[in-house]
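> the sequence isn't on hand, but the structure is:
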């Protein structure tokens with residue numbers, strides 16, 4: 001016969017969903033062999049009466065409620081993971097897009113700067129050439145009274 005302390009320990013484990021299949025079988029066997037009137041004087045064991053009336057075996061009863069809770073948690077976690085993945089994908093796409101735009105803008109600015117520098121060099125060369133032409137023509141020009 002199972003002692004009250006052992007019965008209480010097994011019931012506590014059962015309600016915490018920590019019992020093994022063997023412990024659940026022992027608990028069910030004990031509850032079937034001992035009518036609820038024998039333990040009804042103790043407040044902790046009053047819920048046992050309703051438990052004995054269930055047609056569902058102990059293991060199946062615990063598994064179905066545990067699975068439903070686990071299923072709800074896994075659906076919630078899966079949903080959170082999907083939302084996080086979409087958010088990461090969206091943020092990455094925006095970052096890449098901005099980076100590419102910045103690259104294209106810098107590339108266009110660099111090309112514009114090269115064109116401006118080339119134009120300035122052409123202007124500078126033309127001015128130097130014009131100055132050289134003026135100096136050479138002044139040197140060859142004969143102005144009466146200035147030449148010795």
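Okay, I see it. Quick caveat: nothing in here was measured; it's all calculated off a predicted structure.

> roughly how far does residue 124 sit from residue 117?
10 Å (CB to CB, to the nearest Å). C-beta: built from backbone N, CA, C; applies to glycine.

> before we move on, what about residue 88?
43 Å.

> mind listing the helices for the chain?
4-15, 21-33, 48-53, 58-140 (DSSP state H).

> and those helices, which one is worst for confidence?
The minimum mean pLDDT among those belongs to helix 48-53 (a mean of 54).

> ok, residue 24 to residue 12 distance?
13 Å.

> looking at the two, which is more packed in?
Between residue 24 and residue 12, counting by other CB atoms under 10 Å, residue 24 is the more crowded of the two (19 against 12).

> so the more buried one makes contact with residue 14?
Yes: Residue 24 is within contact range of residue 14, at 6.6 Å (criterion: CB atoms under 8 Å).

> can you count the residues close to residue 8?
14.

> separation between it and residue 14?
The gap separating residue 8 from residue 14 is 11 Å, by CB to CB.

> ditto for residue 112
With CB to CB as the criterion, residue 112 and residue 14 are 79 Å apart.

> the more surrounded of these two?
The neighbour comparison of residue 112 against residue 14 (other CB under 10 Å) goes to residue 14, with 18 against 10.

> wait, that one touches residue 25, no?
No: using CB under 8 Å, residue 14 makes no contact with residue 25, being 11.5 Å away.
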